[in-house]
Every structure is written in structure tokens, then in C-alpha cells.
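Engineer: only geometry, no sequence info:
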């Protein structure tokens, strides 16, 4: 028998031994694990809560929207994001957003160029129009735009 043939034979035998050892360890692990007991049946009140919640949400979807956009009068009002934008000659400065909100807005508007300052975020004026459209219409944020001379 040639040397490469002998080597492949040894490797395949070693692989079979490793597979058998792994199967033996798995069997020991399974037999040593305790069997889970049956969970107690939930009370009728606990079982009815999700169904009642689903019924309320379905009923809320049939209602006309409230003044703040909610349909469910019991649900807490949504936090309204106020976006303040100052538009200059070449740059627009965004105030009132966290870094995470601003990056999400940039991604949604498809803006790749932006700069971060200590308390503001800056984009080019051409990109700010798309960002404002996304913020107002898609995200329903309240926007305040001011023209500045900088």
C-alpha cells in the first residue's frame, strides 16, 4: 500500500473513533439530564388576558384616529419628537435628536454624508430636503425649520 493511501486510511479511522466518542458523550449527557415536569395549567384569568388584549387592539383598529394619531384611547400617548432644523447657505443643522435617532433618519433618507458637532448634527442642504420629508411624512415627527445666515 502506498503512503498516501495509508494516511487516508488512518485519518478515516481516526474520524470514526471521534464520531463514536462524541455519540457516547451525547448519550451520557441526555441520560443524565433531568426530564422536565409538566407545567401547571394557567388559570382562566391568565389565559384570557392575551385574548382580551387582542380583542381590544382589534376594536381600536376599527376606531377613527384620535387627534394625536393614536387609535386606542387607553394606550399611552406616543412621545412626540420635535425636530428643529436651521438651514444656512450650504449646511443644515439638526437639533433635538439623539445620535441613534439621527442615524436612523439618515439611513431611511439615504443620506451618507453627515457630521456630528457637540450638540447638533450637520448635513448638506441638498440632503436636508429629503431628510425633512422623511421626518415629517414617514416618521410623523414635528419639524420646525428656520433660515439662518451663517
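Structural biologist: Received the coordinates, thanks. Worth saying up front: this structure is predicted, and the values here are computed from it rather than measured. Residues are numbered from 1 along each chain as shown.

Engineer: how close does the residue minimising distance to the centre of the chain get to residue 97?
Structural biologist: Central residue of the chain (C-alpha atoms, centre = their mean): residue 104, 10.6 Å from the mean position. To residue 97, residue 104 is 9 Å away according to C-beta to C-beta, to the nearest Å. Just so you know, the C-beta spots here come from the backbone N, C-alpha and C atoms, and that holds for glycine as well.

Engineer: Who does residue 95 form a beta bridge with?
Structural biologist: When assigned by DSSP bridges, residue 95 has beta-bridge partners residue 84.

Engineer: ok, it - how many residues close by?
Structural biologist: 14 (other C-beta atoms under 10 Å).

Engineer: any idea of the pLDDT on it?
Structural biologist: Per-residue pLDDT puts residue 95 at 94.

Engineer: Residue 132: neighbouring residues, count only.
Structural biologist: Count around residue 132 with other C-beta under 10 Å applied: 20.

Engineer: Secondary structure element holding the residue nearest to the centre of the chain?
Structural biologist: helix 99-109 (DSSP states H and E).

Engineer: One more: residue 16?
Structural biologist: Following DSSP H and E, one finds residue 16 within helix 3-32.
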